[in-house]
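In: Predicted model and sequence follow; I will ask about them next.
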Amino acid sequence: MNVMTLEKDIKQLVDAKDVLIEAPLADYTYTKVGGKADVLVFPKSYTEIEKVVAYTKENNIPLTILGNASNVIIQDGGLRGVVMILTGLDEVKVEGNRIIAQSGAAIINVSRFAHDASLTGLEFACGIPGSVGGALYMNAGAYGGEVKDVLEQVVVITDAGERKVMTRDELELSYRTSILQKNNFIAVEATFLLTEGEQTAIKAKMEELTYLRESKQPLEYPSCGSVFQRPPGHFAGKLIMDADLQLTRIGGVEVSGKHAGFMVNVDNGTATDYINLIGHVQKTVKEKFGVSLQREVRIIGDTPGQK
């Protein structure tokens with residue numbers, strides 16, 4: 001199916017103003033890299049998502065789901081088929097000790113809602129740059145907390161376009177993984193079950209974690225967040241630092257001098273620069289310490305010229 005026909009069909013399913021053709025994804029990613037999407041969609045309702053999922057499945061068209069695109073590298077050849085960015089679904093509401101958040105909401109904002117409602121448990125998320133959907137997808141965590149600690153249930157849309165509710169246990173959340181990854185389910189809403197707390201203490205904890213993040217992480221540059229998972233018995237950043245890889249640069253991307261676990265786009269870098277630098281770091285750490293670093297960041301899309 002050609003792009004013009006695909007665009008026409010998608011505009012029958014969602015509001016036409018929320019559909020773009022040949023859109024550069026670098027405009028929407030934290031890394032500021034990534035090629036074009038054939039058709040880019042910003043759904044505003046669960047029904048629109050269901051319609052697009054069902055359509056793409058029926059017509060065997062690739063479908064990619066993005067939130068804030070903070071822990072993903074989209075290759076320079078872009079993404080074929082349909083790309084849905086869910087940031088338009090960003091409603092957050094408080095009901096007693098529960099916070100119900102749509103998947104496009106920033107998880108940072110959800111932690112602020114919790115603070116304002118004097119609910120404790122989400123302080124760890126006050127510096128995570130991703131969306132609720134992304135946090136669910138990879139069971140995001142920081143500073144000793146993770147999503148599975150406070151999650152009650154999730155509304156998902158299956159790969160067949162059907163809506164269902166899944167409990168925390170059904171999501172099989174573990175270190176940086178969930179059943180959402182395995183089944184290609186789309187999380188559209190999460191319910192977090194929190195505990196009543198003292199607002200002053202919650203604020204103090206969030207300020208402490210924000211200070212730690214800002215003082216240790218290279219937030220002044222575009223990045224893909226933490227690049228590698230924590231290897232058993234080690235810390236990825238320390239291994240990279242001990243391998244003397246800080247400030248190593250390929251193209252416009254370099255290993256951060258502030259935090260070796262991050263790679264930053266310092267000079268109009270490309271996805272290819274990121275991928276090559278990741279490979280170089282993995283190879284060097286393996287040779288020096290015998291440790292295989294596994295990526296936390298996802299790499300998706302086509303290489304340049306591949307279509």
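Out: Ah, there it is. Numbers count the residues shown, from 1 in each chain.
In: CA only for contacts and neighbour counts going forward, please
Out: Fine.
In: Run through the stretch 201-307 of the chain and note the low-pLDDT ranges.
Out: Residue ranges of the stretch 201-307 of the chain with pLDDT under 70: 307.
In: Let me see the ranges of the strands in it.
Out: 223-226, 249-250, 253-255, 262-265, 298-300 (DSSP state E, counting those that start in this stretch).
In: Turn these into JSON lines, including distance to residue 187.
Out: Formatted as JSON lines, these follow (distance: least, CA to CA, whole Å):
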{"stretch": "strand 223-226", "distance to residue 187": "21"}
{"stretch": "strand 249-250", "distance to residue 187": "35"}
{"stretch": "strand 253-255", "distance to residue 187": "32"}
{"stretch": "strand 262-265", "distance to residue 187": "27"}
{"stretch": "strand 298-300", "distance to residue 187": "17"}
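In: Out of the ones you listed, which gets nearest to residue 133?
Out: Across the strands of the stretch 201-307 of the chain, residue 133 has its closest neighbour in strand 298-300 (14.5 Å, CA to CA).
In: what's next to the closest one, contact-wise?
Out: Contacts with strand 298-300, where a contact means CA atoms under 8 Å, 6 or more residues apart in numbering, come from 71-75, 79.
In: and which of these is nearest to residue 122?
Out: Distances from residue 122 to the contacts of strand 298-300, taken by CA to CA, are shortest for residue 71, at 19.6 Å.
In: contacting residues around that closest one?
Out: So residue 71 contacts 30, 130, 224-227, 296-298 (CA under 8 Å, 6+ apart).
In: repeat for residue 52
Out: Contacts of residue 52 by CA under 8 Å, 6+ apart are 10, 13, 161.
In: could you pull out the helices for the protein?
Out: Remark: helices assigned in the chain by DSSP state H are 3-10, 46-58, 107-116, 132-137, 179-183, 199-216, 236-242, 271-289.
In: Identify, out of these, the most deeply packed stretch.
Out: helix 132-137 (a mean of 28; mean count of other CA atoms under 10 Å).
In: What would that helix look like as CSV? C-alpha coordinates only.
Out: The C-alpha trace of helix 132-137 is given here as CSV (Å, rounded to 0.1, in the frame of the first residue of the first chain):
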residue,chain,number,x,y,z
VAL,A,132,3.2,6.5,31.7
GLY,A,133,2.9,4.1,28.8
GLY,A,134,6.7,3.9,28.4
ALA,A,135,7.1,3.5,32.1
LEU,A,136,4.7,0.6,32.1
TYR,A,137,6.3,-1.0,29.0
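In: Identify the residues contacting stretch 230-248?
Out: Counting by CA under 8 Å, 6+ apart, 228-229, 254-257, 259-262, 281, 284-285, 288-289, 291-294 sit against stretch 230-248.
In: Please pick the buried ones from those residues.
Out: 228-229, 254-257, 259-262, 281, 284-285, 291, 293 (16 or more other CA atoms under 10 Å).
In: and the gap between residue 214 and residue 13?
Out: 42 Å (CA to CA, to the nearest Å).
In: Could you do residue 139 as well?
Out: 31 Å.
In: These two: who's more crowded?
Out: residue 139 (23 against 16; other CA atoms under 10 Å).
In: give the contact list for that one.
Out: Contacts of residue 139 by CA under 8 Å, 6+ apart are 146-148, 173-178.
In: if we can go back for a sec, filter the contacts of strand 298-300 down to the buried ones, PyMOL style.
Out: In PyMOL, this line selects whichever of the contacts of strand 298-300 come out buried by 16+ other CA under 10 Å:
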select buried, resi 71+72+73+74+75+79
